[in-house]
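J.: Test case, fold it:
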Amino acid sequence: MRIFVGIDVGGVLREAVGRLQKDLDGKIKLKAGRLKWVLPEQMHFTVKFLGEVDEGRVGDICDSVRSGVAGVRKFSFGLSGVGCYGNPVKVIWAEVGKVPGELLDLRERIEFALEDAGFERDKRAFEAHLTLGRIKGGRRDRRLKDAIVNYGPIELPSVAVGSVCVYRSELTSEAAVYSLLCEAELSG
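T.: Take a look at the predicted model:
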């Protein structure tokens with residue numbers, strides 16, 4: 001099963017991001033079916049992607065995440081703008097401006113705990129972002145990239161981090177479906 005560790009996005013932020021997606025949709029002119037927005041109930045910040053994992057390891061993963069976040073206090077952070085990845089553009093996201101030390105520390109603690117359980121550390125730098133949508137196919141389109149990058153500052157509620165979740169990710173022809181496997185509460 002495919003597994004990742006993430007931070008759930010609360011209801012108030014989900015509603016605000018839904019409005020942001022609608023506004024972006026009106027500014028990004030793409031043929032029907034090319035742009036697929038992430039459903040609000042599926043929104044999360046990925047802290048660590050584990051990929052394919054034997055089902056028998058789920059308990060170890062949950063224990064490691066709980067151990068990794070033990071003693072970490074609740075915190076919050078903001079989103080600063082809209083960005084994209086790929087050339088041609090493949091992913092549209094809401095950016096975390098300056099990633100707060102609390103988020104970097106949380107991620108590092110989870111990395112260490114999972115490494116102790118036998119999982120490989122990420123080799124890529126951590127890019128904290130909230131995926132808003134994915135674009136299928138297409139060619140390089142400077143106007144599309146400019147519309148995203150130049151969207152301007154965004155005003156969204158802060159991301160309140162009170163727990164970290166371990167999710168199962170099932171890929172379907174429509175979208176990924178996430179199932180909560182366990183949740184590790186932060187202190188405070």
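J.: mind listing what's buried in the least confident helix or strand in the chain by mean pLDDT?
T.: Lowest on mean pLDDT, DSSP states H and E among the helices and strands of the chain sits helix 142-149, with a mean of 81. Of all the residues in helix 142-149, those buried under the rule 16 or more other CB atoms under 10 Å are Leu144, Lys145, Ala147, Ile148. In short, each C-beta sits where N, CA and C put it, glycine included.
J.: residues near the closest residue to the first one other than its chain neighbours, how many?
T.: Read that as Leu144. Nearest non-adjacent residue to Leu144, counting by CB to CB, 6 or more residues apart in numbering: Val89, 5.7 Å away. Using other CB atoms under 10 Å, Val89 has 23 neighbouring residues.
J.: Surely Val89 is in contact with Asp146?
T.: No. Look at Val89 against Asp146 with CB atoms under 8 Å: they stay out of range, at 10.4 Å.
J.: Relative to Glu52, how far out is Arg2?
T.: Arg2 sits 6 Å away from Glu52, going by CB to CB, to the nearest Å.
J.: Tell me which of the two has more neighbours.
T.: For Arg2 versus Glu52, the count of surrounding residues by other CB under 10 Å is larger for Arg2: 15 against 7.
J.: Test my guess that the more buried one contacts Ser169.
T.: Yes. Arg2 is within contact range of Ser169, at 4.3 Å (criterion: CB under 8 Å).
J.: which residues sit against the helix or strand hosting Ile3?
T.: Using DSSP states H and E, Ile3 maps to strand 2-8. Strand 2-8 is contacted by residues 44-53, 58, 61, 65, 110, 114, 159, 161, 163-171, 181 when judged by CB atoms under 8 Å, 6 or more residues apart in numbering.
J.: now the strands: where do they sit in this protein?
T.: 2-8, 35-37, 44-52, 75-77, 81-85, 91-95, 129-135, 159-161, 163-171, 176-185 (DSSP state E).
J.: Okay, now the sheet partners of the longest one, with direction.
T.: What that stands for is strand 176-185. Sheet neighbours of strand 176-185, with direction, are listed as strand 163-171 (antiparallel) (DSSP bridges).
J.: avg pLDDT for the strand holding Ile3?
T.: Average pLDDT, strand 2-8: 96.
J.: So for stretch 178-188, what gets flagged as buried?
T.: For stretch 178-188, by 16+ other CB under 10 Å, it's Tyr178, Leu181, Cys182, Ala184, Leu186.
J.: Per-residue confidence at the closest residue in space to the third one that isn't next to it in sequence, what does it come out as?
T.: On the basis of CB to CB, 6+ apart, the spatially nearest residue to Cys182 that is not a chain neighbour turns out to be Cys62, at 3.9 Å. Here, the pLDDT recorded for Cys62 equals 98.
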